[in-house]
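> heads up, no residue letters with this:
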């Protein structure tokens with residue numbers, strides 16, 4: 001099977017939409033999906049800074065959504081014509097998967113970060129037969145089609161705009177899941193969100209839907225305006241005595257804080273903004289040692305990393321679409337769509353902060 005996909009061949013190079021080849025249809029337990037739209041996530045762009053650890057050439061993209069066109073075997077639980085949101089891969093049988101914690105799957109790194117499933121590693125090539133890296137997050141959905149494990153896919157209501165649903169599989173899932181799953185925030189709780197990008201704003205929307213009082217911290221006035229529209233109290237990151245201001249706004253300190261920035265000064269500010277026994281969740285990957293200032297972790301405060309919003313995608317994604325249908329999780333307001341052929345412009349806009357969540361739409365090809 002031949003179809004168009006955005007291929008990255010060099011860490012400092014541009015994406016190019018090329019013809020790629022899948023040498024067979026879906027194997028047992030897999031599905032073939034016609035991609036309607038795929039979000040661009042900073043995890044995709046971080047491949048450029050991976051210092052060679054992520055092999056190229058590759059087709060990236062891990063926030064895909066689309067329509068099932070073929071199933072492999074009788075036990076996928078999906079049918080041709082189903083609308084699906086694609087999320088991360090997991091093995092399904094390790095202790096964490098069996099404990100409903102697939103984001104902490106023992107094989108998460110090998111299945112999602114270019115290790116791939118060994119039995120399928122050689123099925124994906126460019127038009128000349130040159131090898132492409134194994135599927136990214138089990139998807140490689142910067143493409144017209146993707147073959148994915150059925151375990152990655154969550155059926156969606158066909159009445160929903162499927163082309164916009166892909167970010168619910170990762171970025172929006174991560175921010176909302178941190179609030180709804182990790183913190184289990186509810187009415188009367190207080191939350192400080194550091195960084196009002198796609199993940200942070202999803203957290204703000206989820207907190208508003210749950211009845212929590214939220215302070216959003218960012219350095220971009222337009223992002224703060226969005227956070228305020230979604231129910232948060234905006235606070236500029238350069239504010240004097242940032243922890244003190246958050247403690248006053250939350251009447252003694254936030255019960256929860258979420259950092260999406262990986263900024264050491266802001267992480268320390270977040271810790272100091274917590275009330276005693278408060279919890280800080282980190283979702284961004286740290287690239288350097290994290291110095292903790294004296295006293296920042298005193299009085300029972302804790303800090304931990306949160307992966308994929310502690311989510312079981314098959315449970316959280318329908319919850320988020322239900323909130324969206326009720327007008328309580330307006331994630332579509334964060335999205336700007338681009339043709340897949342404009343992927344390089346989408347990346348530039350994302351890096352410059354001109355767009356919160358780019359979604360790439362594969363073009364229909366004649367013939």
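Yep, that arrived. Every value quoted in this text rests on a predicted model; they were computed, and no experiment measured them.
> alpha carbons only for contacts and neighbour counts from here, please
Will do.
> need the contact list for the residue nearest to residue 150 when sequence neighbours are not counted.
Nearest non-adjacent residue to residue 150, counting by C-alpha to C-alpha, 6 or more residues apart in numbering: residue 30, 5.0 Å away. By C-alpha atoms under 8 Å, 6 or more residues apart in numbering, the contact set of residue 30 is 71-73, 76, 147-150.
> For residue 30, give the beta-bridge partners.
residue 149 (DSSP bridges).
> Kindly report the same for residue 218.
Beta-bridge partners, per DSSP bridges, of residue 218: residue 236.
> ok, it touching residue 192?
No. Assessed by C-alpha atoms under 8 Å, residue 218 is found out of contact with residue 192, at 11.0 Å.
> out of these two, which sits in the busier spot?
residue 192 (33 against 22; other C-alpha atoms under 10 Å).
> just to revisit the earlier point, weed out the non-buried ones from the contacts of residue 30.
71-72, 76, 147-150 (16 or more other C-alpha atoms under 10 Å).
> Which parts of the stretch 201-350 of the chain are strands?
213-218, 233-236, 254-259, 274-282, 302-305, 335-339 (DSSP state E, counting those that start in this stretch).
> what's the closest of those strands to residue 67?
strand 335-339 (17.9 Å; C-alpha to C-alpha).
> Please identify the buried residues of the closest one?
335-338.
> Residue 9: which of the contacts of residue 30 is nearest?
Looking across the contacts of residue 30 and measuring by C-alpha to C-alpha, the closest to residue 9 is residue 147, at 20.9 Å.
> hang on, that closest one in a helix?
No. Assignment of residue 147 by DSSP: H, G, I helix; E, B strand; the rest coil gives strand, placing it outside any helix.
> Look up how far residue 38 lies from residue 104.
Separation of residue 104 from residue 38 (C-alpha to C-alpha, to the nearest Å): 24 Å.
> So these two - more neighbours on which side?
residue 38 (34 against 20).
> three-state assignment of the more buried one?
From three-state DSSP, the assignment for residue 38 is strand.
> tell me the contacts of the residue lying closest to it once chain neighbours are set aside?
Closest residue in space to residue 38, ignoring its immediate chain neighbours: residue 64 at 4.1 Å, by C-alpha to C-alpha, 6+ apart. Contacts were defined as C-alpha under 8 Å, 6+ apart; by that measure residue 64 touches 35-39, 85-87, 139, 141-142, 165-167, 169.
> One more: residue 156?
82-85, 162, 318.
> Name the nearest of those residues relative to residue 295.
residue 318 (40.9 Å).
> Next, find the distance separating the closest residue to that closest one other than its chain neighbours from residue 100.
Leaving aside its sequence neighbours, residue 318 sits nearest to residue 156 (C-alpha to C-alpha, 6+ apart; 7.2 Å). Applying C-alpha to C-alpha, the value for residue 156 to residue 100 is 20 Å.
> again with residue 181
For residue 181 relative to residue 100 (C-alpha to C-alpha), the value is 12 Å.
> Could you do residue 164 as well?
The value you get for residue 164 to residue 100, if C-alpha to C-alpha is used, is 26 Å.
> quick revisit: same list, the contacts of residue 156, but as JSON lines with distance to residue 223 and neighbour count please.
Below are the contacts of residue 156 laid out as JSON lines (distance: C-alpha to C-alpha, whole Å; neighbours: other C-alpha atoms under 10 Å):
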{"residue": "82", "distance to residue 223": "35", "neighbour count": "17"}
{"residue": "83", "distance to residue 223": "31", "neighbour count": "28"}
{"residue": "84", "distance to residue 223": "30", "neighbour count": "27"}
{"residue": "85", "distance to residue 223": "26", "neighbour count": "31"}
{"residue": "162", "distance to residue 223": "25", "neighbour count": "21"}
{"residue": "318", "distance to residue 223": "26", "neighbour count": "17"}
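> quick check, nearest of the contacts of residue 30 to residue 24?
For those, the nearest to residue 24 is residue 147 (9.7 Å; C-alpha to C-alpha).
> Touching, that closest one and residue 34? I think so.
No. Contact criterion C-alpha under 8 Å: residue 147 and residue 34 do not qualify, at 9.0 Å.
> Thought residue 69 was touching residue 25, still the case?
No. Applying C-alpha under 8 Å as the test, residue 25 and residue 69 come out as separate, 10.4 Å apart.
> overlap in contacts of those two?
By C-alpha under 8 Å, 6+ apart, the residues touching both residue 25 and residue 69 are residue 32.
> For residue 354, the count of nearby residues, please.
14.
> Helix or strand: which one has it?
Using DSSP states H and E, residue 354 sits in no helix or strand.
> same question, the one 5 residues further on
With secondary structure defined by DSSP H and E, residue 359 is part of strand 357-361.
> ok, and what's touching that strand?
Here strand 357-361 has contacts from 35-41, 142, 163-164, 198, 334-340, 342-343, 346, 350, using C-alpha under 8 Å, 6+ apart.
> Filter these down to just the buried residues.
Buried among those by 16+ other C-alpha under 10 Å: 35-41, 142, 163-164, 198, 335-338, 340, 342-343, 346, 350.
> I figured residue 207 was touching residue 181, is that so?
No. If you go by C-alpha under 8 Å, residue 207 and residue 181 don't touch, sitting 11.2 Å apart.
> more crowded one of those two?
residue 207 (31 against 16).
> residue contacts, residue 261?
194-195, 284.
> for it, phi and psi?
phi -100, psi -30 (degrees, to the nearest 10).
> so where is this structure shaky, pLDDT-wise?
Within the chain, the segments meeting pLDDT under 70 span 51-52, 114-122, 364-367.
> Look at the nearest residue to residue 223 once chain neighbours are set aside and say how many residues are nearby.
Spatial nearest neighbour of residue 223, excluding adjacent residues (C-alpha to C-alpha, 6+ apart): residue 196 at 5.8 Å. Neighbourhood size, residue 196 [other C-alpha under 10 Å]: 27.
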